[in-house]
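Engineer: give the three-dimensional model of this entry:
(one chain, ligands or ions: 1)
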Amino acid sequence: MPRVAPNVPAERDLLCEACGYTLNGLPGDGNCPECGKSVQFSIAPTGRQPSAWERDGGFFATTAQVIFRPSWFFRSTTTRGDPAAAMRFGTIHTAIASALFAAAGILHIGYLTLETGQRPGVIGYGLVWLAIAVCTFIAMTLTTRLAVRLTTWEAAYRGFRLPAPVVQRGLAFHAAHYLPIGIIALATTAAYQVGLNLYPLYWSIHVTTYLYVLSAEVIVGAAYLFHTYWIAMRKMMYANH
Ligand SMILES: [Zn+2]
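Structural biologist: Numbers count the residues shown, from 1 in each chain. Model prediction:
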């Protein structure tokens, strides 16, 4: 049997925030016939508001909310409206993450493999760091664009209302999740360098421990990003505003 793709609700349809049921034409003081949640829960304008970042430039407040309370953040933040501010938030976080990953990369590869006499000095390291950071930033931006396309396509196929601007906005806020990964990657590579300087013999023998830790961080980091991406999309797919 060929699979029949379900219809995506129209942009003007009112959806139940809890279960996705179409509430068109129901009284505002009633309940969802499917799950029993009050209609107000889904349509009240206070249910979703612009982020602190959009209201008053609260960069740290929004960053902390996205990282520590992702379900709450994506359930209580508007999904429609001007995408430019959200995109700026995402761009800043992608830039910070690129800088952190590039620094971790230099500590991991460049600093490790070169003898003291061959090291390129502060300016040399600065230029290499900048080049890696710019490449990382471009790669992350392109990956995000691809993720927007794939998500929009997949959602339409499954019948979820996640148009490209909504997905783009969600992923822009989701970019805050790069921050803990970048900090942990830099801390790990820096800690190894410190250990190598303090106890060269011990840590050059135990380099595999360091490499295992780093590999584990890559896997856990990817799982963390995917898990928080799902939280964001799930909490936005029944949003009405
Ligand atoms: Zn419902």
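Engineer: drop to CA atoms for contacts and neighbour counts, all remaining ones
Structural biologist: Will do.
Engineer: by mean pLDDT, which helix or strand of the protein comes out lowest?
Structural biologist: Least confident helix or strand of the chain, by mean pLDDT, DSSP states H and E, is helix 111-113 with a mean of 60.
Engineer: spell out which parts of this structure neighbour the ion.
Structural biologist: Cys16, Ala18, Cys19, Cys32, Glu34, Cys35 (Cα under 5 Å from the ion).
Engineer: can I have the buried ones of the residues you listed as a PyMOL selection?
Structural biologist: Buried residues among these (16 or more other Cα atoms under 10 Å), as a PyMOL selection:
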select buried, resi 16+18+32
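Engineer: picking that back up, for the very next helix or strand once past the least confident helix or strand of the chain, give the mean pLDDT please.
Structural biologist: Next along the chain after helix 111-113, taking DSSP states H and E as the criterion, comes helix 121-158. Average pLDDT, helix 121-158: 94.
Engineer: please name every helix or strand in contact with helix 121-158.
Structural biologist: helix 83-105, helix 164-174 (3 or more Cα pairs under 8 Å, 6 or more residues apart in numbering; DSSP states H and E).
Engineer: what residue ranges in the chain score low on pLDDT?
Structural biologist: Along the chain, segments meeting pLDDT under 70 span 1-5, 110-116.
Engineer: and the closest residue to Arg80 other than its chain neighbours, how close does it get to Pro50?
Structural biologist: Excluding its sequence neighbours, the residue lying closest to Arg80 (Cα to Cα, 6 or more residues apart in numbering) is His241, at 5.4 Å. Remark: distance between His241 and Pro50 (Cα to Cα, to the nearest Å) = 10 Å.
Engineer: what touches both of these two?
Structural biologist: Thr78 (Cα atoms under 8 Å, 6 or more residues apart in numbering).
Engineer: tell me how many other residues surround Glu154.
Structural biologist: 13 (other Cα atoms under 10 Å).
Engineer: swap in Arg88?
Structural biologist: 14.
Engineer: show me the contacts for the closest residue to it other than its chain neighbours.
Structural biologist: Closest residue to Arg88 apart from its sequence neighbours, by Cα to Cα, 6+ apart: Ala172 at 7.9 Å. By Cα under 8 Å, 6+ apart, the contact list for Ala172 reads Ala86, Met87, Arg88, Phe89, Gly90, Thr91.
Engineer: mean neighbour count, the helices and strands packed on helix 121-158: which tops it?
Structural biologist: Highest mean neighbour count of the helices and strands packed on helix 121-158: helix 164-174, a mean of 23 (counted as mean count of other Cα atoms under 10 Å).
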